[in-house]
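Colleague: I would like to see how this sequence folds:
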Amino acid sequence: MPENSSGRSGLRAVIEDNALQSVPADQRKSGWALFANTAGVGSTLVVLGVGAAVTFTAGTKWGMVVALVAAVFGSALGWAVGRICQVAGTSSTVTSRFYGLGSRGSAVASLVFAFMILGFLALENALLYYGTIFMFGWEPSAANKIGIYAVLTLAWIVLTTFGLGLVQKVSLLLTVVCGVLFVVVTVVALHRSGITLADVWAYSPPHVEWEQITAALSIIAGITGALALVGADFSRYARTSRDVRILAIGGAIVVNVVVVAIGTVVFQAGNLVVADYLADPANAAQAASQAGATVADKIAFMSAANPGAYFIVLSGFLGFLVMYAAQAKAQVLNTYSGSLALSNLSDAAFGRSPGRLFWVVLGNVVALLAIWGDILDRINSFLGLLGILTTALCALMIADFFVVRRGRSVRFDTVEQFNWAGIIAMLGSSALAYWLQDSGRTNLGFLVALVLCPVAYMALRASVLPEGRGTTMVAAAGALELVE
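Modeller: Numbers count the residues shown, from 1 in each chain. Next up, the predicted model:
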């Protein structure tokens, strides 16, 4: 890796944003200054829908219990991974070179994380496109696709190019605006539906059992690994462990409690409003709902496939503003984290990287190609596996740093090119966890990976695959300047 960039100056340093180096001490920030990033990435229409799915599955009371459990889990995981990146001063995927995977093995982490982040970038671009044409009554023509996607892509590139400073300002502004709009839309939904908060709190499906509760936990906790890795990309700028705690705990509370609560109220109340709208066949056709489906099925389809349209039906132009305020900040953060993962992928696999700006642009191009190739459904089908993989990666890094190295700041003179114990533990535990979940044997695949990966890693490290076996060691001098 190149030497630390603390001596660089000018626009190039701002754009590169320490993508492959440790963040210098004079660029570190407080946890409160970074908090908007972790809060912003999870306060989206998609996560609102996830929150509603949690309480629809388990009932409001049990759903909020599940949300609190997920918040505790997310806080712990986010702090632990964030602390490692804060100590190293590097992004999550670069840090995995030294804790878990090896210098070239970290390409595995970058592939997994970049595929997930760019998948979200594509999916949420499509959400904005369909919401926009619904708002203005436009046809889904080639000209509209080119125009809207071009504007969106250019916006994400410009807002992400100039490093964390601009990203943070955009995220803070839009997170505040989004929070205010969420509250207003919640009031609108309650008013238009005629139901009360007491009605929402009393909701429960018949016969809630352990299976429904674990299914609800899987819905929300399954994305915790990805959120922890995104948070870690910002934790590298944190000054102290306390600042990392602010990022991790604050973000987990916003995503797992506040957003779940708002999503529960908005969708339970909003479904009554949207049902009236979709009862008209002409409206259902405009919303691209399935012909011949029941109103309940049409609501489910719209809330999942076109949540922007759902919010527009619910609250008109206000819903359109909510859609852009919620999704734009997430897209900027997705592009930012995606560029860091791709920078590490190139450097780990080929020994060089053309610079973070190149990956900002290419990441957006890949997202457009995914939309053009009509593979969004396939990407969506892989997100469950990728959620398990990212949780396993977090567990692996935590085990290496806190258990194997006892949580100490280690200055590496050499590092393995491939940490085979970590690679095997991560991929093997994820494969087993996904098979158990996909076959219906458990809803908690992420939890299987969380436990199995570090156990397998430490067992392999202590026996057949100690440090250096089956690989070569490479010089790590100058790669990291660890921070106390």
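Colleague: chain center to the longest helix anywhere in the chain, what's the gap?
Modeller: For the chain, the helix reaching the highest residue count under DSSP state H is reported as helix 317-350. Here the centre of helix 317-350 is set off from its chain's centre by 9 Å, with C-alpha atoms, centre = their mean, to the nearest Å.
Colleague: name the residues that touch the helix or strand just after it?
Modeller: Helices and strands here follow DSSP states H and E; after helix 317-350, the next one along the chain is helix 356-372. Applying C-beta atoms under 8 Å, 6 or more residues apart in numbering, the set of residues contacting helix 356-372 from outside is 15-17, 19, 114, 117-119, 121-122, 125-126, 149, 153, 156-157, 160-161, 335-336, 338-340, 342-343, 346, 353, 376, 379. Quick note: C-beta positions are derived from backbone N, CA and C, even for glycine.
Colleague: how about the CA coordinates for helix 356-372, as CSV?
Modeller: Listed next in CSV are the C-alpha coordinates belonging to helix 356-372 (Å, rounded to 0.1, in the frame of the first residue of the first chain):
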residue,chain,number,x,y,z
ARG,A,356,-11.1,6.7,-5.8
LEU,A,357,-12.7,9.1,-8.4
PHE,A,358,-12.4,6.4,-11.1
TRP,A,359,-14.3,3.9,-8.8
VAL,A,360,-16.9,6.5,-7.9
VAL,A,361,-17.7,6.8,-11.6
LEU,A,362,-17.3,3.1,-12.4
GLY,A,363,-19.5,2.1,-9.4
ASN,A,364,-22.3,4.2,-10.8
VAL,A,365,-21.8,2.8,-14.3
VAL,A,366,-22.1,-0.8,-12.9
ALA,A,367,-25.4,0.2,-11.2
LEU,A,368,-26.7,1.5,-14.5
LEU,A,369,-25.7,-1.7,-16.3
ALA,A,370,-27.5,-3.7,-13.6
ILE,A,371,-30.7,-1.7,-14.3
TRP,A,372,-30.3,-1.9,-18.1
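Colleague: name the residues of it that are buried.
Modeller: Within helix 356-372, the residues scored as buried using 16 or more other C-beta atoms under 10 Å are 356-357, 359-364, 366-368, 370-371.
Colleague: what of stretch 154-170?
Modeller: For stretch 154-170, a neighbour-count test (16+ other C-beta under 10 Å) marks 155-157, 159-161, 163-164, 166-168, 170 as buried.
Colleague: do you know how far residue 369 is from residue 15?
Modeller: Plainly put, residue 369 is 24 Å away from residue 15 if you go by C-beta to C-beta, to the nearest Å.
Colleague: I meant residue 38, not that one.
Modeller: According to C-beta to C-beta, residue 38 stands 23 Å off from residue 15.
Colleague: what does residue 266 give?
Modeller: Counting by C-beta to C-beta, the gap from residue 266 to residue 15 is 38 Å.
Colleague: more neighbours, these two?
Modeller: For the pair residue 266 and residue 15, the greater number of neighbours falls to residue 266 (29 against 16), based on other C-beta atoms under 10 Å.
Colleague: low-scoring stretches of the protein, by residue?
Modeller: Within the chain, the stretches falling below the threshold (pLDDT under 70) are 1-9, 284-293, 376, 378-381, 408-411, 476-484.
Colleague: can you give me the neighbour number for residue 140?
Modeller: Neighbour number of residue 140 under other C-beta under 10 Å is 11.
Colleague: for the residue lying closest to it once chain neighbours are set aside, which residues are in contact?
Modeller: What sits nearest to residue 140 in space, not counting adjacent residues and going by C-beta to C-beta, 6 or more residues apart in numbering, is residue 133, at 5.9 Å. For residue 133, the set of contacting residues under the criterion of C-beta under 8 Å, 6+ apart consists of 139-140, 144, 148.
Colleague: which element, helix or strand, includes residue 133?
Modeller: Going by DSSP H and E, residue 133 is in helix 106-136.
Colleague: buried ones in the longest helix of the chain, by neighbour count?
Modeller: Residues of helix 317-350 classed as buried: 319-348 (neighbour count, 16+ other C-beta under 10 Å).
Colleague: go on, stretch 264-282?
Modeller: Of the residues in stretch 264-282, those scored as buried under the neighbour-count criterion (16+ other C-beta under 10 Å) are 264-271, 273-274, 277-278.
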